[in-house]
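Peer 1: When you get a sec, could you give me coordinates for this:
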Amino acid sequence: MDLLLSPQLLAAALIAGALYALVALGLNLIYGTMRLLNVAHGELVMVGSYVASWSFSLLGLGPWPALILSPVAAGILGYGLYRGLFRRLLANPALTQRIEANSLLLFFGISIILQNLVSLLFTATPRGYQPFGGAVIDLGVASVTGGRLLVLIVAGIVTVAAMLLLHFNTVGLAVKALIQNREAASLAGIDTEKLERWSFIAGFAVAGLAGALVSMVEQVSPFMGFPYMIAAFVIIILGGLGNLTGSLIGGLILGLLETYGVALTSPNYRSILVYGVFIAVLLIRPQGLLGRARIVR
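Peer 2: The predicted structure follows:
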């Protein structure tokens with residue numbers, strides 16, 4: 001019982017939940033607006049992690065510049081892929097009939113390419129660094145490293161800001177309209193192609209930012225992305241496909257379940273807990289806790 005009431009454990013759960021929510025936000029944004037199943041999302045987190053790691057070790061930059069460089073690099077990659085591949089996919093009526101399956105295959109190929117390209121360029125050896133010199137900060141009720149505190153602050157601010165943008169900003173409301181019904185959004189005067197393009201780029205950039213944060217608390221390697229991709233899919237199933245607010249709630253739930261579950265059992269059961277939650281939600285409430293967004297293309 002003392003373990004369950006530990007502020008230190010609660011802090012760890014909130015940090016994990018905030019990071020998971022940020023990872024899932026980019027994936028759900030792309031699916032919600034475009035119905036593209038990005039199974040390469042974990043590799044985008046990996047790319048962001050490598051950009052942050054190398055900016056620290058090679059360029060001697062601190063953690064703050066990495067929080068800019070990583071999303072910019074991932075966003076540029078997203079723009080290139082949109083222009084080179086996905087714009088044609090979305091413009092072809094025959095291909096959009098099976099857009100989820102087609103996008104899954106394309107992203108699967110992209111994930112393999114990114115894994116092997118990074119492995120070829122930087123080797124498969126895990127690497128890491130300690131932002132703020134690994135300093136531990138006493139918060140009174142709990143102590144965390146500077147890197148983990150930065151994860152909580154940045155992931156929390158970005159995720160909450162995204163939710164506020166969706167509810168109180170014209171662009172955010174246009175995104176919500178696009179998620180609900182693309183044809184109706186177009187008839188209302190929304191430039192759906194432009195909005196899809198920027199949603200695609202933003203989804204990549206958010207994944208890159210999440211990767212920068214991951215690199216500050218874990219070692220990075222070319223094959224680190226798969227667990228984050230699985231976690232992101234678990235979260236959007238929890239919160240509802242296309243439901244961006246659900247990404248925040250689902251991330252916090254997964255962070256709490258994983259942290260407390262591992263504390264009560266063993267770290268060896270982490271994957272079992274994540275997959276168990278995934279299967280349970282699919283069986284009990286497949287539409288998610290908040291329900292899926294009504295997506296019409």
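Peer 1: phi, psi of Ile190?
Peer 2: With angles defined as degrees, to the nearest 10, Ile190 sits at phi -80, psi 130.
Peer 1: Not counting its neighbours along the chain, what's nearest it?
Peer 2: Of all residues beyond its chain neighbours, the one nearest Ile190 is Ala174 (5.0 Å), with distances taken as Cβ to Cβ, 6 or more residues apart in numbering. To be clear about C-beta, it is placed using only N, CA and C from the backbone, and glycine gets the same treatment.
Peer 1: Can you give me the distance of the one you found to Leu165?
Peer 2: 11 Å (Cβ to Cβ, to the nearest Å).
Peer 1: who's more crowded, the two?
Peer 2: Under the criterion of other Cβ atoms under 10 Å, the comparison of Ala174 against Leu165 puts Ala174 first, with 21 against 15.
Peer 1: which element is the more buried one on?
Peer 2: With secondary structure defined by DSSP states H and E, Ala174 is part of helix 170-180.
Peer 1: residue contacts, Glu100?
Peer 2: Residues near Glu100 by Cβ atoms under 8 Å, 6 or more residues apart in numbering: 35-37.
Peer 1: Most neighbours among these, which one is it?
Peer 2: Counting neighbours by other Cβ under 10 Å, the one among the contacts of Glu100 with the most is Leu36, which has 25 neighbours.
Peer 1: Assess the claim that that residue and Leu105 are in contact.
Peer 2: No - assessed by Cβ atoms under 8 Å, Leu36 is found out of contact with Leu105, at 11.2 Å.
Peer 1: Distance from the helix or strand of the chain with the lowest mean pLDDT to the middle of the chain?
Peer 2: Within the chain, judged by mean pLDDT, DSSP states H and E, the helix or strand with the poorest mean is helix 93-96; its value is a mean of 71. A distance of 27 Å separates the centroid of the chain from that of helix 93-96, by Cα atoms, centre = their mean, to the nearest Å.
Peer 1: Show me what counts as buried in it.
Peer 2: Burial within helix 93-96, assessed by neighbour count using 16 or more other Cβ atoms under 10 Å, is assigned to Thr96.
Peer 1: Can I get that helix as PDB, trimmed to CA atoms?
Peer 2: Written as PDB, here are the backbone C-alpha positions of helix 93-96 (Å, rounded to 0.1, in the frame of the first residue of the first chain):
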ATOM      1  CA  PRO A  93      -9.800   8.000 -56.100                       C
ATOM      2  CA  ALA A  94      -9.000   4.300 -56.900                       C
ATOM      3  CA  LEU A  95      -6.300   4.200 -54.200                       C
ATOM      4  CA  THR A  96      -8.300   6.200 -51.600                       C
END
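Peer 1: Which element is encountered next along the chain beyond it?
Peer 2: helix 99-122.
Peer 1: Would you mark the buried spots in that following helix?
Peer 2: 99, 102-104, 106-107, 110-111, 114-115, 118.
Peer 1: Work out the gap between it and the centre of the chain.
Peer 2: With Cα atoms, centre = their mean as the basis, the distance from the averaged C-alpha position of helix 99-122 to the chain average is 16 Å.
Peer 1: And for stretch 191-204?
Peer 2: Averaging C-alpha positions (Cα atoms, centre = their mean) puts stretch 191-204 16 Å from its chain's average.
Peer 1: Check stretch 36-46 too.
Peer 2: Relative to where its chain is centred, stretch 36-46 has its mean C-alpha point 8 Å off (Cα atoms, centre = their mean).
Peer 1: Stretch 55-71 now?
Peer 2: Between the mean C-alpha position of stretch 55-71 and that of its chain there is a distance of 19 Å (Cα atoms, centre = their mean).
Peer 1: What of stretch 227-244?
Peer 2: Between the mean C-alpha point of stretch 227-244 and the mean C-alpha point of its chain there is a distance of 9 Å (Cα atoms, centre = their mean).
Peer 1: got the buried residues for it?
Peer 2: Of the residues in stretch 227-244, those buried by neighbour count under the rule 16+ other Cβ under 10 Å are 228-244.
Peer 1: ditto for stretch 257-275
Peer 2: 257-262, 273-274.
Peer 1: and what of stretch 178-194?
Peer 2: If you call a residue buried by 16+ other Cβ under 10 Å, then stretch 178-194 has these buried ones: 178-179, 182, 185, 190, 192.
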